[in-house]
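Enquirer: how does the following fold in three dimensions:
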Amino acid sequence: LLFVTGRFFFSGKSSFQSIYLVPANAVLIIESESVFNAWDKIIYSDAWNKASKIEYLAKLDVKIKTVDSLLSNKKLLLKLISKRKVLVSMHEYYPGKYDYLYILNIGRAARLRNPEKILSSTLGDDFRITKRDFNQKVIYELLDIDSGEMYIFYFLKDKVILSTNYKIVEASINEADKMTLG
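Expert: Purely as a prediction, here's the structure:
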């Protein structure tokens, strides 16, 4: 019963592509069914090592390596996106400050009516979920009580849009009608 239920909610194809949700100010975009393996292959490749010798890319390389170490500490994200098709994009949200947008294909599970109740019961007391309105849409905020980290997310079609930065999630929601990069 669990297998059938899981297969129903987490399967399904959509013609709505993740790239349609990426704000136009993306610095870097990676889409993969195994994003962390792809990420490692890129930033630890010979091609990247050679390219990072260029002055501008050398500055970016330092930031990428810093972000790489931060990503490896995000246990919740690793659990959520380890085996799913995911698009990760990097955005400048303030001059010289960057953060990531994760767009995860979760199939029919994105259509659940009260995801905050399901997440609360699944995650337990270690996380607190709140919701707020943005342009007549409901954005969810998930606070990891232990780390103090806030995850902001929004469900759209068969995708979940997720970031630790609310500005990037809001820009992604606004991008859904424009589809600039798509």
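
Enquirer: going forward, measure contacts between C-alpha atoms and count neighbours the same way
Expert: Will do.

Enquirer: so what's Trp48 closest to, chain neighbours aside?
Expert: Computed as CA to CA, 6 or more residues apart in numbering, the closest residue to Trp48 that is not its neighbour in sequence is Ile42, at 6.6 Å.

Enquirer: quick check: that neighbour is in a helix.
Expert: Yes. Under DSSP: H, G, I helix; E, B strand; the rest coil, Ile42 sits within a helix.

Enquirer: that one: neighbour count?
Expert: Per other CA atoms under 10 Å, the neighbour tally for Ile42 reads 14.

Enquirer: in the chain, which spans are strands?
Expert: Assigned by DSSP state E, the chain shows strands spanning 26-32, 86-94, 97-105, 127-134, 137-144, 150-156, 159-163.

Enquirer: turn those into CSV, columns for mean neighbour count.
Expert: Converted to CSV, the strands of the chain look like this (neighbours: other CA atoms under 10 Å):
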stretch, mean neighbour count
strand 26-32, 15
strand 86-94, 20
strand 97-105, 22
strand 127-134, 14
strand 137-144, 18
strand 150-156, 21
strand 159-163, 23
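
Enquirer: tell me which of these sits nearest to Ala47.
Expert: The closest of the strands of the chain to Ala47 is strand 26-32. By CA to CA, the value is 16.0 Å.

Enquirer: just checking, what packs against that closest one?
Expert: helix 35-43, strand 86-94 (3 or more CA pairs under 8 Å, 6 or more residues apart in numbering; DSSP states H and E).

Enquirer: still on that earlier bit, redo the strands of the chain as a markdown table? Include mean pLDDT and distance to Val169.
Expert: Formatted as a markdown table, the strands of the chain follow (pLDDT from 0 to 100; distance: least, CA to CA, whole Å):
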| stretch | mean pLDDT | distance to Val169 |
| --- | --- | --- |
| strand 26-32 | 84 | 13 |
| strand 86-94 | 87 | 11 |
| strand 97-105 | 86 | 7 |
| strand 127-134 | 88 | 10 |
| strand 137-144 | 88 | 9 |
| strand 150-156 | 89 | 7 |
| strand 159-163 | 88 | 6 |
